[in-house]
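Undergrad: Got a predicted structure here, sequence first:
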Amino acid sequence: MYKIAIRSSGSLLNKISMNLETISLLRFEWILIAIIFILLVMKLTDADKNTKSMLTVVNGLLLVNFLAGLLPMAEGSAFSNFFHTSQLIVLEKNILNLGLLLISFSGARYLYSIKNQLEFYILMLSSVVGMFFMISSGHVLMLYLGLEMSSIPVAALANYNRTLRNSSEAGLKMIFSSAFSSGILLFGISLLYGATGSLSFDAISMSIQPSALSLLAFAFILGGFAFKMSVVPFHLWTADVYEGAPVQVTNFLSVISKGSVIFVIITVLYKLFGNMHMEWQLGVSVLSILTMTIGNLFTMRQTNIKRLLAFSSVTQVGFVLVGIAGATKVANASVVYFVLIYMLSNIAAFGVIGAISESTGKETLSAFKGLYKSNPMLALTMALSFFSLAGIPPTAGFFGKLFLLAAGFGQGLYVVLAVASINLVISLYNYLRVVKTMFMDDAEVALPSIKSNAPLTIALVICVAGLLLVGFYSPIFNYISSFSYGM
């Protein structure tokens with residue numbers, strides 16, 4: 001009897017230990033779910049009546065969420081390998097958590113002015129939970145569920161200014177594009193199951209071989225993800241949604257949503273379709289050329305600053321595809337590194353755009369005329385972010401694009417690199433004309449002096465410091481490289 005009791009207690013302790021280990025692997029997800037629950041309780045108790053106090057509490061919770069992600073975390077898998085985590089995945093989630101915190105800080109002015117702030121955060125955090133499950137997926141079903149969970153709340157966010165026609169149009173286009181891309185992705189998943197007989201990442205990676213069916217499955221799956229990443233020719237929804245959505249939602253779409261899909265597409269290409277590397281490298285290279293070229297050409301025509309950054313994001317994805325096509329450990333690291341830099345650049349730019357939009361009610365390029373004379377710090381911040389997006393030294397964007405192109409050079413993608421070099425020159429015009437407008441053009445009506453609140457100032461300072469330091473502090477890239485993997 002005594003031995004049986006000891007065995008039973010030992011078995012119970014083992015089960016408890018295994019459950020605790022499983023819970024710890026989902027630390028990022030549990031923390032966000034706990035924050036969502038706290039926000040729901042705050043809504044039920046009318047804690048949002050005092051807007052300033054409520055936003056301070058929310059920003060504090062997001063800060064705790066980011067700091068908790070920096071704590072050491074073990075690698076492992078759970079739920080029959082449906083969910084897994086690694087040091088690279090932890091790093092990717094920390095990057096998204098940082099972006100989430102900075103977007104909340106930079107959007108303080110907008111959030112002060114709207115109703116239903118808690119609902120805004122609940123939708124945004126629910127989308128990020130889906131992204132985290134998508135990034136940690138070890139099974140195609142988990143990948144799809146995470147993708148849908150991250151997409152549906154974003155459609156509601158795009159239509160958050162319900163009184164504006166453009167916002168309703170943005171939400172509707174977001175729903176239609178998400179539904180269409182999901183249908184394409186699901187059809188590709190069904191073909192993939194027919195080709196391999198499994199939906200587990202490990203089983204697919206070992207059994208998949210180049211064939212007509214597997215190539216067709218890959219084409220549809222890549223097409224589904226291309227919609228989410230705004231890859232040409234699946235990019236047409238991007239500008240309309242970016243223009244119609246609130247500035248901070250556009251910021252979230254361009255940084256957090258797009259960054260998470262880029263992280264996932266690396267896993268899909270390198271792990272699921274690793275045996276088809278030669279086949280998909282050609283396709284990704286062609287898409288890269290089309291995306292960066294058409295994105296640049298459309299950017300030249302834009303007079304709305306949000307549409308300009310929408311096509312700018314299309315162009316940046318074209319450069320990311322060059323790095324992805326490299327298919328090496330260094331290529332993987334260069335993509336993650338570039339996403340971090342792109343995040344800092346865009347959050348800084350949209351932070352300034354949000355401040356101008358809230359003060360003047362305008363989002364056209366002409367609204368930025370003479371910005372340096374009236375608001376020199378905002379103009380300098382905007383200029384630095386655009387220099388980084390253009391890849392001008394000494395900003396971090398220069399090193400980010402250098403590493404992406406170096407990854408393509410390592411695979412002998414010389415035609416792609418030649419086109420990328422031409423597009424780098426074209427992009428200089430697109431970004432520098434905005435800088436010219438701020439520093440050299442005179443406004444017809446003088447812009448008012450905009451007083452930045454503390455959260456916006458903190459966000460812009462962090463972004464500026466990051467854009468100046470990340471490129472020169474080499475241990476950051478080495479740290480990312482130490483966790484990366486290639487073909």
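TA: Happy to help now that I have it.

Undergrad: As a check, name the ranges of all helices in the stretch 1-150 of the chain.
TA: Using DSSP state H, counting those that start in this stretch, the helices of the stretch 1-150 of the chain run over 2-25, 27-44, 51-69, 87-106, 108-113, 117-135, 140-158.

Undergrad: how far out from the middle of the chain is stretch 199-217?
TA: Distance of stretch 199-217 from the chain centroid (C-alpha atoms, centre = their mean, to the nearest Å) equals 27 Å.

Undergrad: How about stretch 370-386?
TA: In terms of C-alpha atoms, centre = their mean, the gap separating the centre of stretch 370-386 from the centre of its chain is 25 Å.

Undergrad: That one: which residues count as buried?
TA: Buried residues in stretch 370-386, counted by 16 or more other C-beta atoms under 10 Å: 370-372, 375, 378-386. C-beta here means a position set from N, CA and C on the backbone, and glycine is covered the same way.

Undergrad: and those as a markdown table, adding distance to Tyr110, secondary structure and pLDDT?
TA: A markdown table is the format used below for the buried residues of stretch 370-386 (distance: C-beta to C-beta, whole Å; DSSP: H, G, I helix; E, B strand; the rest coil; pLDDT from 0 to 100):
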| residue | distance to Tyr110 | secondary structure | pLDDT |
| --- | --- | --- | --- |
| Gly370 | 23 | coil | 81 |
| Leu371 | 19 | helix | 83 |
| Tyr372 | 23 | helix | 84 |
| Asn375 | 17 | coil | 83 |
| Leu378 | 15 | helix | 88 |
| Ala379 | 20 | helix | 88 |
| Leu380 | 22 | helix | 91 |
| Thr381 | 17 | helix | 91 |
| Met382 | 17 | helix | 91 |
| Ala383 | 22 | helix | 91 |
| Leu384 | 22 | helix | 92 |
| Ser385 | 18 | helix | 92 |
| Phe386 | 21 | helix | 92 |
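
Undergrad: Out of those residues, flag the one nearest to Ala156.
TA: Distance ranking of those against Ala156, using C-beta to C-beta, places Ser385 first at 27.9 Å.

Undergrad: Let me know the distance separating the spatially most central residue of the chain from Ala459.
TA: Centroid-nearest residue in the chain, with C-alpha atoms, centre = their mean: Gly259, separated by 2.3 Å. The gap separating Gly259 from Ala459 is 17 Å, by C-beta to C-beta, to the nearest Å.

Undergrad: quick revisit: how many degrees apart are the helix or strand containing the residue nearest to the centre of the chain and helix 87-106 in direction?
TA: Gly259 is located in helix 258-267, with elements delineated by DSSP states H and E. Relative orientation of helix 258-267 versus helix 87-106 (axes from the mean of the first three to the mean of the last three C-alpha atoms, to 10 degrees): 170 degrees.

Undergrad: Could you figure out how far the helix or strand following helix 258-267 is turned away from helix 258-267?
TA: For helix 258-267, the following helix or strand on the C-terminal side (DSSP H and E) is helix 277-299. Interaxial angle, helix 277-299 versus helix 258-267 (the same axes, to 10 degrees): 160 degrees.
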